[in-house]
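A.B. asks: Provided below for reference: sequence and predicted model.
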Amino acid sequence: MTKRKSYIYENIIEREEYHDGRYGAPGKKRDKKRKATKEQVRKINQYNKSKKARRRLREYFKEDDWLLTLTYRKECRPTDIKGCAKDVSKAIRKLRKIYRKRGYELYWIRNIENTPRNSWHIHLVVKRLPDTDPQLLLKTIWPHGKVYPNLLYENGGFKNLADYITKDENTKKEDVAPEVLDHKITEASYSSSRNMPLTPPKETTLIRWPKEPRVNEGWALDKESHFEGINPVTGYKYRHYTLIRIHRRI
């Protein structure tokens, strides 16, 4: 039996198509389950972490929201990742109070990173607060160093951004786009706010395995997102791809 899951966003549709292993592929006995290798597990974990981050970005954030990089002055650097996480949590609590006073809810995604030179820094994605300079805002709640603000750009439906804010010491060059691994990481910690539940996908049961991706009218296939393969554990086919709305809604 073939299943299709569609994750529908304003300008993006993500699709996953696969054989349901409980029923097996037509005319084929169910393959024996094989134990995944350590490398396969690493890749699956990296992919799933980035996938969830990408879907949260697509559901809760828009172009021109903020990507903030928080750094430390040398004398303020924490001794370990726990100390850095405490600093970030304190800053987020202060930030949440500011948002609530302005009548907005704070959504955030962050990744703590360290480098071989012990240069702790945090990548923090937050909803943009209208008519506010993010550098001045963060300066009041981040006394440890500088804040570098950037606007989010939705090119590629936030895929590269999701990879960027979920990378860790185990991420390899072949897992992500070249610009994602811009420095070596020795330790990392990814997290997101709890007020961003993911909307369940629309599920469809198909009579047979589609020969090619289904492209809705008014949408275009993102060819770079199209991937088909065989699950190395189950031995069944799977496919995933992304559709992009031709005339984007702003």
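C.D. replies: Arrived safely, thanks for sending. None of the values given here were measured: they were computed from a predicted structure.
A.B. asks: so which residues of this structure form strands?
C.D. replies: Ranges of strands within the chain are 2-8, 12-19, 66-71, 108-114, 121-126, 147-151, 187-192, 202-206, 219-230, 237-245, based on DSSP state E.
A.B. asks: contacts for the first one, please.
C.D. replies: What that stands for is strand 2-8. 13-20, 55, 58, 199, 201-210, 214 (C-beta atoms under 8 Å, 6 or more residues apart in numbering). Any C-beta I mention is one placed from the backbone N, CA and C, and that applies to glycine too.
A.B. asks: what's the offset of it from the middle of its chain?
C.D. replies: Strand 2-8 sits 19 Å away from the centroid of its parent chain (C-alpha atoms, centre = their mean, to the nearest Å).
A.B. asks: if we look at the helix-or-strand element of the chain with minimal mean pLDDT, which residues are touching it?
C.D. replies: Sorting the helices and strands of the chain by mean pLDDT, DSSP states H and E puts helix 134-139 at the bottom, at a mean of 79. For helix 134-139, contacts defined as C-beta under 8 Å, 6+ apart pick out 66, 68, 70, 91, 95, 98, 128-129, 147-149.
A.B. asks: one more time with 6 Å
C.D. replies: Identification of contacts with helix 134-139 by C-beta atoms under 6 Å, 6 or more residues apart in numbering yields 66, 147, 149.
A.B. asks: with stretch 85-104 instead?
C.D. replies: 106, 122, 141-142.
A.B. asks: which one of these is nearest to Gly157?
C.D. replies: Leu106 (23.0 Å; C-beta to C-beta).
A.B. asks: tell me who's in contact with that closest one.
C.D. replies: 96, 99.
A.B. asks: need the residue closest to the centroid of this protein.
C.D. replies: Ala53 (2.3 Å; C-alpha atoms, centre = their mean).
A.B. asks: from Asn111, how far out is Ser192?
C.D. replies: Distance, Ser192 to Asn111, by C-beta to C-beta, to the nearest Å: 10 Å.
A.B. asks: next, the angle from the longest helix that the chain contains to strand 108-114.
C.D. replies: The residue-count maximum for a helix in the chain (DSSP state H) belongs to helix 38-60. Angle, helix 38-60 to strand 108-114, by axes from the mean of the first three to the mean of the last three C-alpha atoms, to 10 degrees: 140 degrees.
A.B. asks: tell me the angle helix 38-60 makes with strand 12-19.
C.D. replies: Going by the same axes, to 10 degrees, helix 38-60 makes 140 degrees with strand 12-19.
A.B. asks: helices or strands next to helix 38-60 in the packing?
C.D. replies: Counting contacts by 3 or more C-beta pairs under 6 Å, 6 or more residues apart in numbering; DSSP states H and E, helix 38-60 packs against helix 159-164.
A.B. asks: the residue lying closest to Val125 once chain neighbours are set aside pairs with what?
C.D. replies: Residue nearest to Val125 in three dimensions, not counting chain neighbours: Ile109, with 4.4 Å by C-beta to C-beta, 6 or more residues apart in numbering. Beta-bridge partners of Ile109, counted by DSSP bridges, are Val125, Ser192.
A.B. asks: ok, Asp65 touching Pro130?
C.D. replies: No: between Asp65 and Pro130 there is no contact under C-beta atoms under 6 Å: 11.1 Å.
A.B. asks: looking at those two, which is more packed in?
C.D. replies: Between Asp65 and Pro130, counting by other C-beta atoms under 10 Å, Asp65 is the more crowded of the two (17 against 7).
A.B. asks: tell me how far the more buried one lies from Lys127.
C.D. replies: Counting by C-beta to C-beta, the gap from Asp65 to Lys127 is 5 Å.
A.B. asks: same deal with Leu181?
C.D. replies: 27 Å.
A.B. asks: ok, now Gln46?
C.D. replies: 26 Å.
A.B. asks: where does the prediction get shaky in the chain?
C.D. replies: 21-34, 154-156, 250 (pLDDT under 70).
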